[in-house]
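>>> need coordinates for the below:
(chains A and B)
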Amino acid sequence: MTPRRQATTAPRTWDDPALSRFSPLPRILCFDDFDRGLCGWGGLIGNYEGSLDTLLPEFRDLRAPMLSNLSMWDTGTVGGVDGTYAMKLATRPQAGSLSVGIKRLTWRYAGRIQIEAFFTFKPEAVALELLETDVRAFGFGIDLQVSDRAAGPAERVMPHLRYLNALDGRPQEKWQFKRAVEPLRDIGGSGKTRSHFHLAPTGWEDVPGGDQRLCYNEIATKHNWYYVQIGFDLATMSFTTVRCNDRVFDTSGIAAMRFAAMPNLWCMFNPFMFVEADRGTRAFLYVDSVLISAELDS
Amino acid sequence: MTRLSHTAVVERNARWSGAFATEPYEAAWASEAIFFVRTLDPAPVSAQTSARVQISPDGMHWCDDGTVVPLPAEAGLAFCRVRHFGGWLRLVGEVGAGEARRVIVYLVLKE
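Numbering: from 1, shown residues only, chains lettered A, B, ... in the order given. Coordinates of the predicted model:
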């Protein structure tokens, strides 16, 4: 669905040029412009107990974020949307390698929340070729848990979305979600620690009408920035908005992972982003800026 | 204004044997860096080696910066300081034949 032309009444964010490209909910929780550093976005590690060897194998080598000025071998520095730096997630040069950036918050009101970002993705420009199928996927998710005094079921909820760009060298170009819960495995011997690899390649489902061709551009060193908006309602634990550029997807057919709450995660609110390589080329996700906003509490 | 700083864990519980190279890390915003290499137990029995700092204009083509981290045979922490490195940093080296070492590598950057 393509959004209809919007009214021209100036929203309040137009007072600030850096905010005017976003459409936030009334309360801005974080405005992470990566010209100011990584703003609390760090690497993801699985749970361990006693030894790092107890990490689930898939969690052992998730590559952590860095600050990039997008310097290319042929044209020099690309920079960000309105500055020099972006957060960069970079995989190893091997199929299935993942890089994840995560920010760890808690929520204070069980209403609507929204994450907006300007991002772009590319493989490492290792050959004078298009390389457009070397990035398998990039995606966005939130790790949530209800309040310790929630009226409803005590749940941990994890909305996951990814853009599946290619698989085994074949173009896919579609948005997917994941509600399938990976097996929870005990870690160590205390009985206190468990882990599940929620970014596993299994269980992804197509977003209805979720095919979308993006502006990859014509060589691996040209970057065009995209806009994504993801809305989620903490009261109903359901998606309210999924939008990328001109496409607004129907959220009625998509759902989050839901499973029993964990003992130490009440009111957790951890947005995360990731990128995955499809072949032996490093896959890069660059994020210029992120705006996290929320509905006002009463 | 407070100076920007960041500690990146570029290797975590990684096993080095033979030739090794850390993943490229972008650091154009920083003016100084320290590589810390923490060798974990069990330490290599006889291997004393070193890792070389490399710099790059594009993250793909590399040359030695001239700075070296000595890596003693016993478990523990080693480091080197780097300045004026441009856009990318990594560590490369080689562990002797038949030897291996398990490491955590930190890259500590400051504006």
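>>> touching, A:Ala277 and A:Phe121? I think so.
No. At 11.1 Å, A:Ala277 and A:Phe121 do not qualify as touching, with contact defined as Cβ atoms under 8 Å. From N, CA and C alone the C-beta is placed, and that goes for glycine too.
>>> who touches both of those two?
A:Val135, A:Ala283 (Cβ atoms under 8 Å, 6 or more residues apart in numbering or on different chains).
>>> so for the two, which sits in the more crowded spot?
More crowded of A:Ala277 and A:Phe121, by other Cβ atoms under 10 Å in any protein chain shown: A:Ala277, with 25 against 20.
>>> what residues are bridge-paired with that one?
For A:Ala277, the beta-bridge partners are A:Val135 (DSSP bridges).
>>> who touches it in this structure?
Counting by Cβ under 8 Å, 6+ apart, A:Ala277 has contacts A:91-98, A:123, A:134-136, A:283.
>>> what's the helix or strand for the residue of chain B found nearest chain A?
Chain B approaches chain A most closely through B:Asp58 (3.7 Å), counting by Cβ to the nearest Cβ. Counting by DSSP states H and E, there is no helix or strand that carries B:Asp58.
>>> same question for A:Phe259.
Per DSSP H and E, A:Phe259 falls inside strand A:257-260.
>>> on contacts alone, who are the packing partners of that strand?
Here strand A:257-260 touches strand A:155-158, going by 3 or more Cβ pairs under 8 Å, 6 or more residues apart in numbering or on different chains; DSSP states H and E.
>>> before we move on, the earlier item: I figured the residue of chain B closest to chain A hits A:Leu70, correct?
No. Under the criterion of Cβ under 8 Å, B:Asp58 is not in contact with A:Leu70, lying 11.1 Å apart.
>>> excluding sequence neighbours, find me the nearest residue to whichever residue of the stretch 151-298 of chain A sits closest to chain B.
The stretch 151-298 of chain A approaches chain B most closely through A:Arg282 (8.0 Å), counting by Cβ to the nearest Cβ. Take A:Arg282 and drop its neighbours on the chain: the residue closest to it by Cβ to Cβ, 6 or more residues apart in numbering or on different chains is A:Glu124, 4.0 Å away.
>>> phi, psi for the one you found please.
Dihedral pair for A:Glu124: phi -60, psi 140, per degrees, to the nearest 10.
>>> now do the contacts for it.
Counting by Cβ under 8 Å, 6+ apart, A:Glu124 touches A:Ala90, A:Pro93, A:Ala220, A:Thr281, A:Arg282, A:Ala283, A:Phe284, B:Gly59, B:Met60.
>>> also A:Asn47?
Counting by Cβ under 8 Å, 6+ apart, A:Asn47 makes contact with A:Leu55, A:Ile187, A:Thr193, A:Arg194, A:Ser195.
>>> residues near the residue in chain A that chain B sits nearest to, how many?
Nearest to chain B, among the residues of chain A, is A:Trp73, at 3.7 Å (Cβ to the nearest Cβ). By other Cβ under 10 Å, the residues close to A:Trp73 number 16.
>>> contacting residues around it?
A:Ala125, A:Thr221, B:Pro57, B:Asp58, B:Met60, B:His61.
>>> which of the contacts of A:Glu124 has the most neighbours?
Most neighbours among these, by other Cβ under 10 Å: A:Ala283, with 31 neighbours.
>>> that residue and B:Val37: what is the separation?
27 Å (Cβ to Cβ, to the nearest Å).
>>> what segments of chain B are strands?
For chain B, applying DSSP state E gives strands covering B:5-16, B:19-21, B:25-26, B:32-39, B:49-56, B:63-71, B:76-83, B:88-94, B:101-110.
>>> dump the ones you listed into TSV; add mean neighbour count, mean pLDDT and distance to A:Arg179 as well.
Formatted as TSV, the strands of chain B follow (neighbours: other Cβ atoms under 10 Å in any protein chain shown; pLDDT from 0 to 100; distance: least, Cβ to Cβ, whole Å):
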stretch	mean neighbour count	mean pLDDT	distance to A:Arg179
strand B:5-16	18	96	30
strand B:19-21	14	97	39
strand B:25-26	24	98	35
strand B:32-39	19	97	40
strand B:49-56	20	96	42
strand B:63-71	15	97	47
strand B:76-83	14	97	45
strand B:88-94	21	97	39
strand B:101-110	20	97	36
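>>> reformat those strands as JSON lines; add distance to A:Leu25.
Shown next, in JSON lines, are the strands of chain B (distance: least, Cβ to Cβ, whole Å):
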{"stretch": "strand B:5-16", "distance to A:Leu25": "30"}
{"stretch": "strand B:19-21", "distance to A:Leu25": "45"}
{"stretch": "strand B:25-26", "distance to A:Leu25": "32"}
{"stretch": "strand B:32-39", "distance to A:Leu25": "39"}
{"stretch": "strand B:49-56", "distance to A:Leu25": "42"}
{"stretch": "strand B:63-71", "distance to A:Leu25": "47"}
{"stretch": "strand B:76-83", "distance to A:Leu25": "44"}
{"stretch": "strand B:88-94", "distance to A:Leu25": "38"}
{"stretch": "strand B:101-110", "distance to A:Leu25": "34"}
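>>> looking at those strands, which is nearest to A:Leu44?
strand B:5-16 (11.6 Å; Cβ to Cβ).
>>> which other helices and strands does the closest one contact?
Applying 3+ Cβ pairs under 8 Å, 6+ apart, one finds that strand B:5-16 contacts strand B:88-94, strand B:101-110.
>>> distance to chain A added to those strands, as JSON lines?
Output for these, formatted as JSON lines (distance: least, Cβ to the nearest Cβ, whole Å):
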{"stretch": "strand B:88-94", "distance to chain A": "8"}
{"stretch": "strand B:101-110", "distance to chain A": "9"}
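>>> so which of these is nearest A:Cys267?
Judging the helices and strands packed on strand B:5-16 by Cβ to Cβ, what sits closest to A:Cys267 is strand B:101-110, at 31.5 Å.
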